[in-house]
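Peer 1: predicted model and sequence follow; I will ask about them next.
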Amino acid sequence: EQSTDPYLSNLTSEYVDYGQDAEYNCSRVPKGWMVLAGVCLGISACGLIGNSLVLWFLSFQVKLNHFTTYMLHLAVADFSLVLLFFVLMLAALSFTLLCRYNFFPFYNDLVSVVEFLCHFFDLSSLALLTAISVERGLSVV
């Protein structure tokens, strides 16, 4: 018996399994990438602890002069970069483990913002290292 409703005539009675496609997309993530992400998380955690100790020591324990001020700013830039990388890796690892990485329509915008922040913190660290080296070289001369 045919329906006169055009919307009902396009319906099929076949079963469509959408869960199988999600499993297939999730299983395509190589295990080596998961191990690499875990190692990066461990290294980032050590960097966060080391930079936070330097920040605490230079902020509260040492009298600031121009050299320790450079070091403090360098520690802030490095801490920010490592924190950004740590949060990014943690999010990527957790979304991959939960198979939810396909559900972000703003993924390209997020990647461009994170890329800009990574470049900013990395270049500020390099600029501070350059300033420290120039000042130390001039003090020797």
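Peer 2: Nice, I can see it.
Peer 1: just for the chain, where's the confidence low?
Peer 2: Residues of the chain that meet the criterion pLDDT under 70 lie in 1-29, 95-108.
Peer 1: let's go with 80 and repeat that
Peer 2: Along the chain, the model assigns pLDDT under 80 to residues 1-34, 37, 88-114.
Peer 1: where exactly do the helices run in it?
Peer 2: Residue ranges of the helices in the chain, as given by DSSP state H, are 6-9, 18-27, 31-56, 66-97, 107-140.
Peer 1: and these, which is most packed in?
Peer 2: The highest mean neighbour count among the helices of the chain, using mean count of other C-beta atoms under 10 Å, belongs to helix 66-97: a mean of 16. Where C-beta positions appear, they are placed from N, C-alpha and C, glycine not excepted.
Peer 1: and the angle from that one to helix 107-140?
Peer 2: Compare the direction of helix 66-97 with that of helix 107-140 by axes from the mean of the first three to the mean of the last three C-alpha atoms, to 10 degrees and you get 160 degrees.
Peer 1: got the angle between helix 66-97 and helix 31-56?
Peer 2: Computed by the same axes, to 10 degrees, the angle separating helix 66-97 from helix 31-56 equals 150 degrees.
Peer 1: helices or strands up against helix 66-97?
Peer 2: Contacts defined by 3 or more C-beta pairs under 8 Å, 6 or more residues apart in numbering; DSSP states H and E place helix 66-97 against helix 31-56, helix 107-140.
Peer 1: let's have those helices in CSV, adding distance to Val76.
Peer 2: Shown next, in CSV, are the helices and strands packed on helix 66-97 (distance: least, C-beta to C-beta, whole Å):
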stretch, distance to Val76
helix 31-56, 7
helix 107-140, 9
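Peer 1: closest to His73 out of the ones you listed?
Peer 2: helix 107-140 (5.6 Å; C-beta to C-beta).
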